[in-house]
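Participant: 3D model of this:
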Amino acid sequence: MSGHTHQDASLLDMHDALLCDLDGVVYAGPDAVPHAVDALVAAQEAGIRVAYCTNNASRTPEEVAEHISSLGIPTTPEQVFGSSRAAAEHARQTASEAHIQEPTAYVVGTEALRREATDAGFELVDSAADQPDFVLQGFNPDVTWRHLAEAGYAITAGARWIATNTDTTIPRAEGIAPGNGTLVAAVAAATGQEPIVTGKPAPTLMQMAARALGAQNPLVIGDRLDTDVAGGNAAGFATALVLTGVDTLAAAKQAEPGLKPRYVLNDLRDLRAPAHSCVLEESGPQESLND
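Facilitator: Residues are numbered from 1 along each chain as shown. Next up is the predicted model:
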C-alpha cells in the first residue's frame, strides 16, 4: 500500500489487502467474471495481499485454489478461507464447552465439509438413528430429500444444528440458482428451529483472513449486500460491492446502514479508479476506466 491520500488515490493505493468473495466476484460457475483475472493479478503484482473468503462450503481450500489458479490468478490454499472450516471449528468449541468427549455429527454437505468435521475431531454418522450430537449443514448440489429429512429427524431429537451459511442464491454460469439458505430453510420449516450460522454475514471469515495476511487496512469485496458487505461491515473493514453478481446499485443505495457498502464497483477494473469516484454516498460508480 502506498499510503496515497491525494485526490487521485485508488482503492489499491488506500488498502494493504483485498478480501474477496468468489461466486459473482472472481468466477461464475467454472468461468472467470470479466476483468477479474487481470485486476487481481495486477493487484498481487503491485504487492497487495489477496485472500478469498467464501460461504461456499462445497469444496476444499485446495480445490478452490486450483480453480482460481486455473483461471490465471496464482493462488495457494492458504489464501482460501471457507465457511465449512468455520462451522466445524464452532462445533468443536461447542462440544468442548458441553464436555462432549467423543462428539458425533451428521453432515449434510460435500466431502469438503465432511473432511473439516473429521479434522475437528468428529465421528461422522449416516443417519438420525445414530443419535448424532450435531448436524452440520452446507451446500451440496446433490443433496436429496432424504438428507434433509435425516437432518430434521436429528435436530428434532436434540442435535445441535450449525449451518455454514444461509445464502438464498448462488451465481452460476447459467444464471442465479438456489443457494444453501433455501435448503436450510426447508429444514427450519420442518423442525421449527433455526441453526447457528458461521459464514458471512458473521465477521469470522474476514477477521480470520486479515489476521493470516497481517493486514491492517483490508478492503472487503463482494457481490452481495446481505453476506459480503454485512460481514465486512461487522468486521470493521471498508467494503465494496461489485456489480458483477447478485446485487445492484439501486439495492446498495436503498440498503440499511449495516448492509451499505462504502464503495460500488462496476467490475474489478475500478480498483484502479480514483477512490472518490467509487464512493456510494457521493455519486455511485463512475464509468469503468476501460469502457
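Participant: pLDDT averaged over the helix or strand that contains residue 65 - what is it?
Facilitator: Assigned by DSSP states H and E, residue 65 belongs to helix 61-70. For helix 61-70, mean pLDDT rounds to 95.
Participant: Show the subsequent helix or strand relative to it.
Facilitator: Sequence-wise, the next helix or strand downstream of helix 61-70 (DSSP H and E) is strand 80-82.
Participant: C-terminal to that next one, which secondary structure element comes first?
Facilitator: Following strand 80-82 toward the C-terminus (DSSP H and E): helix 83-97.
Participant: name the helices or strands packed onto that next one?
Facilitator: helix 111-119, strand 134-137, strand 160-163, helix 204-213 (3 or more C-beta pairs under 8 Å, 6 or more residues apart in numbering; DSSP states H and E). The way it works is simple: take the backbone N, C-alpha and C, and place the C-beta from them, glycine included.
Participant: Pull the distance from that helix to the chain's centre.
Facilitator: Relative to the centre of its chain, helix 83-97 is centred 17 Å away, using C-alpha atoms, centre = their mean, to the nearest Å.
Participant: In that helix, which residues are buried?
Facilitator: Under the neighbour-count criterion of 16 or more other C-beta atoms under 10 Å, helix 83-97 has 83-92, 94-95 buried.
Participant: what does it rub up against?
Facilitator: 54-57, 61, 103, 105, 109, 112-113, 116-117, 119-122, 133-134, 136, 138, 160, 162-165, 196, 198-200, 202, 204-205, 208 (C-beta atoms under 8 Å, 6 or more residues apart in numbering).
Participant: again with stretch 20-31
Facilitator: With C-beta under 8 Å, 6+ apart as the test, stretch 20-31 has contacts from 32-33, 36, 40, 50-56, 64, 67-68, 71, 73, 170-174, 200, 221-224, 227-228, 242, 244-246, 268.
Participant: Out of the buried residues of helix 83-97, flag the one nearest to residue 252.
Facilitator: Closest approach to residue 252 among those (C-beta to C-beta): residue 83, at 23.2 Å.
Participant: residues touching the residue lying closest to the closest one once chain neighbours are set aside, list them.
Facilitator: Spatial nearest neighbour of residue 83, chain neighbours left out: residue 199 (3.2 Å); criterion: C-beta to C-beta, 6 or more residues apart in numbering. By C-beta under 8 Å, 6+ apart, residue 199 lies in contact with 55, 57, 83, 86-87, 163-167, 205, 227.
Participant: Run through the bridge partners of the spatially most central residue of the chain.
Facilitator: In the chain, the C-alpha nearest the mean C-alpha coordinate belongs to residue 54, at 2.6 Å (C-alpha atoms, centre = their mean). Counting by DSSP bridges, residue 54 forms beta bridges with residue 82.
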